[in-house]
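Trainee: heads up, no residue letters with this:
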Ligand SMILES: O=P(O)(O)OC[C@@H](O)[C@@H](O)c1c[nH]c2ccccc12
C-alpha cells in the first residue's frame, strides 16, 4: 500500500465517523447558510495580465508524514493573521487529523481570523467533504488527481464550482497534468513531493509547468525552503507557491512571505520581459 492509499484509508474512517454525527443533509444545509465564498482564483492573480506578481499560499501545518512534528501551533488564528499581514494571498489549513494533526476546528478558527480566501487542505474522496468544506467557510478545496478517477474529479470539480468555490487540482506527473487540463481545471498545483513515496524532486516543477498553456494559475507545491527555491519556481512559470514547513518553523513568517513575494515578482517580471522580446 502506498503512503497515499494508507492516508486515504484513515481519511475514510474519520469521514464515516463524522457522517454519523452530521448527516449529508445537515452538512448541505450548513453549507448553504455559510457566508458567500471568496474568489481564490482572483486572489491568486488569475485575472491579472501580465501575471508578474508571485502569490503565496501560506499553510497552517503542524505535522507531516514525511517529517513528523513540525510545529505546535497552539494558536492557528494568530499564525494565520501573521500570514495575512505578511501578504499571503490564501491561507491553507490542513484538516487531516492522523498524519498532519489538522482539524475542522483549525479551519473554523482560521476562517474567523482572516479576510482572505482559505483552502481546506485534505484528501477529498467524497462529495460530503466538499459540502463540509463550504459549511466551514472554505473558499478553495484540494483535489489530488492521483487519488481520483476522472469521473470523480469531474463531478467533484462541478460541485465545487456550483458552491461558488474553486479547486486546487494537484498533479505530480505529465499524465496527471493532462487530465487536469482536460477537465478544465483553473488552478493547477504541481506537487514536487510524490505522495506515494514522499520523495521530493524539485525538478518536477519545471518539467511539468512547461506543458501548461497560459490560462490556469500554476502553483508550485512543497519543498520551498528559501528565496532561492521561490526564484527557481517563479523563473519556471509558477504564479504562486504553497509553503508549509518553511513558514511554521520560521520565527517571523510575515517577513518571510514578504521576501518570497518580492523575489518572486522580480523573477516573474524578468520572465515576462524575456517572453515579450522573444
Ligand atoms: O511543508 P512544505 O514542504 O512547504 O509543503 C506544503 C504543501 O505543499 C504540502 O503540505 C502538501 C502538498 N500537497 C499536499 C497534499 C496533502 C497534504 C499536504 C500537501
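Mentor: Here it is on my side, so go on. As the structure is a computational prediction, the values presented were derived from the model and not from experiment.

Trainee: going by C-alpha atoms from here, please, whenever you check contacts or count neighbours.
Mentor: OK.

Trainee: quick check, residue 27 in contact with residue 135.
Mentor: Yes - look at residue 27 against residue 135 with C-alpha atoms under 8 Å: they come within range, at 6.5 Å.

Trainee: show the average pLDDT along stretch 220-235.
Mentor: Model confidence over stretch 220-235 averages 97 on the pLDDT scale.

Trainee: again, but for stretch 92-99
Mentor: 98.

Trainee: so is that stretch next to the ligand?
Mentor: No - judged by C-alpha under 6 Å from any ligand atom, stretch 92-99 stays clear of the ligand, getting no closer than 6.9 Å.

Trainee: so which residues make contact with that stretch?
Mentor: 7, 10-11, 57-61, 63-65, 68, 100-104, 106-107, 110, 118-123 (C-alpha atoms under 8 Å, 6 or more residues apart in numbering).

Trainee: the same query, at a cut-off of 6 Å, please.
Mentor: When contacts are defined by C-alpha atoms under 6 Å, 6 or more residues apart in numbering, stretch 92-99 is touched by residues 58-60, 64-65, 102-104, 107, 118-122.

Trainee: what residues are bridge-paired with residue 241?
Mentor: residue 56, residue 220 (DSSP bridges).

Trainee: and it, how far from residue 16?
Mentor: 33 Å (C-alpha to C-alpha, to the nearest Å).

Trainee: neighbour count: those two, which is higher?
Mentor: residue 241 (28 against 13; other C-alpha atoms under 10 Å).

Trainee: give me the distance between that one and the ligand.
Mentor: 8 Å (C-alpha to the nearest ligand atom, to the nearest Å).

Trainee: residue 207 now?
Mentor: Residue 207 is 17 Å from the ligand, by C-alpha to the nearest ligand atom.

Trainee: which non-adjacent residue is nearest residue 42?
Mentor: residue 48 (8.0 Å; C-alpha to C-alpha, 6 or more residues apart in numbering).

Trainee: so that neighbour, which state does it fall into?
Mentor: coil (DSSP: H, G, I helix; E, B strand; the rest coil).

Trainee: state the number of residues packed around it.
Mentor: Neighbours of residue 48 (other C-alpha under 10 Å): 11.

Trainee: now residue 112
Mentor: 14.

Trainee: give me the element it is part of.
Mentor: helix 104-113 (DSSP states H and E).

Trainee: got the residues of this structure near the ligand?
Mentor: 122, 191, 221, 222, 223, 224, 242, 243, 244, 245, 246.

Trainee: gap between the third one and residue 115?
Mentor: Taking C-alpha to C-alpha as the measure, residue 221 and residue 115 are separated by 23 Å.

Trainee: picking up where we left off before, out of the residues of the chain next to the ligand, list just those in helices.
Mentor: Judged by DSSP state H, helices contain the following of the residues of the chain next to the ligand: 245, 246.

Trainee: make JSON lines from the residues of the chain next to the ligand and add distance to residue 78 and neighbour count to it.
Mentor: Below are these laid out as JSON lines (distance: C-alpha to C-alpha, whole Å; neighbours: other C-alpha atoms under 10 Å):
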{"residue": "122", "distance to residue 78": "21", "neighbour count": "23"}
{"residue": "191", "distance to residue 78": "27", "neighbour count": "23"}
{"residue": "221", "distance to residue 78": "23", "neighbour count": "24"}
{"residue": "222", "distance to residue 78": "23", "neighbour count": "20"}
{"residue": "223", "distance to residue 78": "24", "neighbour count": "20"}
{"residue": "224", "distance to residue 78": "22", "neighbour count": "23"}
{"residue": "242", "distance to residue 78": "19", "neighbour count": "23"}
{"residue": "243", "distance to residue 78": "17", "neighbour count": "24"}
{"residue": "244", "distance to residue 78": "15", "neighbour count": "25"}
{"residue": "245", "distance to residue 78": "17", "neighbour count": "22"}
{"residue": "246", "distance to residue 78": "17", "neighbour count": "19"}
